[in-house]
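**Student:** Quick one, what's the 3D model for this:
(2 chains)
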Amino acid sequence: MTVRLTEAVVRRGDFTLRVDTQFDDGVVTAILGPNGSGKSTLLRTVAGLEAVDRGSVSIDGTIVDAVRTPVSRATFVEPRRRDVGVVFQDYALFPHLSVRQNVAFGPRSRGAGRSAARAQADAVLDRLGVADLADRRPAALSGGQAQRVALARALATSPRALLLDEPLAALDAQVKDDVRAQLASTLRGVPGTTLLVTHDPFDALVLADRVVVVEDGAVVQDGAPADLTRAPGTSYVAALVGVTLLRGVASAGVIAVDGGGSLQVADRALSGPVLCVVRPESVTVGQSPPEGSARNRWPGTVVSVQPSLDRVRVVVDGAPSVVAAVTPGAAAELALAPGSRVWVSVKATDLTAYPAPSRASQ
Amino acid sequence: MTTDLAVRRRPRRGRRARRPPWFLLLPGLVALVFLVVPMVGLVAQVPWNSFLETITAPEAMTALRLSLVTSTLATCFAAVVGVPFAWLLARDVLPFTHVWRALVLVPLLLPPVVSGVALLAAFGRFGLVGQYVYSWFGFQIPFTTLAVVLAMAFVAMPFLIITLEGAFRTLDRRYEDAAATLGASSWTTFRRVTLPLAGPSLLAGAVLCWARALGEFGATVTFAGSFPGTTQTMPIAIYYALDTNWSAAISLSVVLMGVCIAVLVALRGRYLRTSS
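**Tutor:** Predicted structure coming up:
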């Protein structure tokens, strides 16, 4: 089914969420954003657990939530009549019911007989590979198992939309990768619309066809996962995908960076306000001005040095400030430490610059 | 050598660390002794040769049966109306919730005899509500078994309400959200999710309520009097027996204490722990 939020505004205390977007049938959309950005509120609004204060929500063209306007009546369809399945954060499995009873709860509530609901539950549990857990209590499940059961419970009523709120956040790092891969394969087989709320860009990139980034209650970027890494729209998104995002004004292949410094880029046609992505791997760090072909070179001061996987991330304060990823060997050779004076350089062809998206939508 | 020293010194240090300070130990033990001595005294004074005869006497059996029946009815009534009211308080759906919550606590603090007088003023023959009951049905509530149940419910229901309100308030709302998205009506959600999750607290609240109702004396004797067979509950029977038959009063008291201890033991541990 298609879920559409039309100029929807949801207020909760001082916080306001404003969205105007559509989630299409057969698409897995990740709602990505920091804590408190409003992504869970967006999910709950679709489920009917929150109501809009302005605008409307419609499902397959039928309005399910709207406030009264001069030309239309107020409408609110209860969550139980919206035909959506929700996987809650921390799963919210009913602790007093067995796994089978949890999964059968939906069919039972929708009028199925005891044995029919039970058979339906067993079928879904079997499909998700957790049939052997049917008689357990939720307290006796591991995080990954609980997630599968929560998914089974949400899918048992064959909802037209599946909403998942941070389905991986409660898991230990060791099992997260396995569970994520399982979830990806399950979601591929789920018909209808799927919305997945997460604060982890990796989950979004692996699981979703489309990523909607929400910050401070507003959508700041919306596109395919590849767009997100190639051309992040805000510093938050850039930090999430591990690159430096600079803002500036381009003219004849040179960007005057906001806050100082200038960078040469390959695209000479670019002009006006732009964003420029600096990948840490493309930044080289040395003790003296480099001799090579890199046309962008400037001095700076090391702010922090942090090992991450096979590289060392070095934050250099300068004009502009950037993050560099160097090999541990190079970091040791250069004796990099906070306070070190260094020269950084980056090739013009390694920079990605693009026109800054307007933020007038807010 | 050092090992020997350590081995010899460690238990002494441990013992001193575990020994509680005297200013807590002494008053604490006084409290323990003070609470236990009357119960021991009661058991010590039981005239064992006439005990069985006394407690199986028709009057005693009647009073005990009346006590058990009325306190159970009062608890059922308290549960049927008190659980929904506790939910309303917990979900803050009424206007002036804080006022109602404070009012509910009043019967806990009110002297029982005052509660009895208040019940007479409300449900008596000429009372606020009682006058209409009398003129419409020709029935007066005071000095009936119904009056006993009402007196018990009035003083004991707050225990059930405050216990349940706490349980409903701390209940994770996402369980109810989950039930709603799964298609459950509000009745199904309450019956299959909310109430079972509050189950331990419901039991704890009901036991507190029932124990208070069982021991109820002042409000009952004021509002319902002391008619053997209809309103003379165990506590009232014991009180009147004190004047005429000391050893019978002792025997009946031991029975009532035994009932309370039996319930406490049966529900010990997990059941009486309020849900957190």
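
**Student:** Okay, buried residues for stretch B:108-120 please.
**Tutor:** B:110, B:112, B:115-120 (16 or more other CB atoms under 10 Å in any protein chain shown). Every residue, glycine included, has its C-beta placed from N, CA and C.

**Student:** Now, those that are in helices?
**Tutor:** Per DSSP state H, helices hold the following members of those: B:112, B:115-120.

**Student:** neighbouring contacts of stretch A:333-350?
**Tutor:** A:253, A:263-266, A:278-279, A:282-290, A:292-305, A:312, A:314, A:316, A:318, A:322, A:324, A:326 (CB atoms under 8 Å, 6 or more residues apart in numbering or on different chains).

**Student:** Restricted to helices, list these.
**Tutor:** Among the contacts of stretch A:333-350, no member falls in helices (DSSP H).

**Student:** for the stretch 1-150 of chain B, what spans make up the helices?
**Tutor:** Along the stretch 1-150 of chain B, counting by DSSP state H, counting those that start in this stretch, helices occupy B:2-18, B:22-44, B:48-55, B:58-90, B:97-109, B:112-123, B:130-137, B:145-170.

**Student:** any chance of these in a markdown table, with distance to chain A and mean pLDDT too?
**Tutor:** Compiled in a markdown table, those are given as follows (distance: least, CB to the nearest CB, whole Å; pLDDT from 0 to 100):
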| stretch | distance to chain A | mean pLDDT |
| --- | --- | --- |
| helix B:2-18 | 34 | 52 |
| helix B:22-44 | 36 | 93 |
| helix B:48-55 | 40 | 86 |
| helix B:58-90 | 17 | 92 |
| helix B:97-109 | 19 | 89 |
| helix B:112-123 | 37 | 92 |
| helix B:130-137 | 40 | 84 |
| helix B:145-170 | 13 | 93 |
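
**Student:** Can you tell me which of these is most buried?
**Tutor:** helix B:145-170 (a mean of 24; mean count of other CB atoms under 10 Å in any protein chain shown).

**Student:** how far off helix B:112-123 does that helix point, in degrees?
**Tutor:** Relative orientation of helix B:145-170 and helix B:112-123, computed by axes from the mean of the first three to the mean of the last three CA atoms, to 10 degrees: 110 degrees.

**Student:** Run the chain-centre distance for the helix or strand following helix B:145-170.
**Tutor:** Downstream of helix B:145-170, the next assigned helix or strand under DSSP states H and E is helix B:173-181. Put simply, helix B:173-181 sits 32 Å off its chain's centre (CA atoms, centre = their mean, to the nearest Å).

**Student:** Now do helix B:173-181: which elements does it pack against?
**Tutor:** helix A:39-47, strand A:84-87, helix B:186-189 (3 or more CB pairs under 8 Å, 6 or more residues apart in numbering or on different chains; DSSP states H and E).

**Student:** Direction included, what does the helix or strand containing A:Thr6 pair against?
**Tutor:** Assigned by DSSP H and E, A:Thr6 belongs to strand A:3-12. Sheet pairing of strand A:3-12 (DSSP bridges) gives strand A:15-23 (antiparallel), strand A:54-59 (antiparallel).

**Student:** wait, which of those is closest to A:Val179?
**Tutor:** strand A:15-23 (23.6 Å; CB to CB).

**Student:** Restricted to buried residues, select the contacts of stretch A:333-350 in PyMOL.
**Tutor:** Only the buried entries of the contacts of stretch A:333-350 go into this PyMOL selection, using 16+ other CB under 10 Å:
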select buried, chain A and resi 253+263+264+265+278+279+282+283+284+285+286+294+296+298+300+302+312+314+316+318+322+324+326
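
**Student:** can you pull the contacts of the closest residue in space to A:Thr234 that isn't next to it in sequence?
**Tutor:** Closest residue in space to A:Thr234, ignoring its immediate chain neighbours: A:Val220 at 5.1 Å, by CB to CB, 6 or more residues apart in numbering or on different chains. By CB under 8 Å, 6+ apart, A:Val220 lies in contact with A:213-214, A:233-234, A:236-237, A:359.

**Student:** Now do A:Val220, the pLDDT please.
**Tutor:** The model reports A:Val220 with a pLDDT of 87.

**Student:** so where's the stretch 251-362 of chain A shaky on pLDDT?
**Tutor:** A:358-362 (pLDDT under 70).

**Student:** mind running it again at 80?
**Tutor:** A:290-294, A:308-309, A:357-362 (pLDDT under 80).

**Student:** and what of the stretch 151-276 of chain B?
**Tutor:** Checking the stretch 151-276 of chain B against pLDDT under 80 turns up B:266-276.

**Student:** what does it have sitting close to chain A?
**Tutor:** Proximity of the stretch 151-276 of chain B to chain A, by CB under 8 Å from any CB of the partner chain, involves residues B:172, B:174-175, B:177-185, B:188, B:192-193, B:196-197, B:199.

**Student:** now these: which count as buried?
**Tutor:** Buried, going by 16+ other CB under 10 Å: B:174-175, B:177-184, B:188, B:192-193, B:196-197, out of these.

**Student:** Point out the residues in the stretch 51-200 of chain A that sit beside chain B.
**Tutor:** On the criterion CB under 8 Å from any CB, chain B has as its neighbours in the stretch 51-200 of chain A the residues A:78-82, A:84-86, A:88-90, A:92, A:94-96, A:105-106, A:109-110, A:153-154, A:157.

**Student:** Sitting in strands, which of those do you find?
**Tutor:** A:84-86 (DSSP state E).

**Student:** neighbour-wise, which of the residues you listed leads?
**Tutor:** Of all those, A:Val86 has the most neighbours under the rule other CB atoms under 10 Å in any protein chain shown, reaching 30 neighbours.

**Student:** Nearest to A:Arg114 among the ones in strands among the residues of the stretch 51-200 of chain A next to chain B?
**Tutor:** A:Gly85 (21.2 Å).
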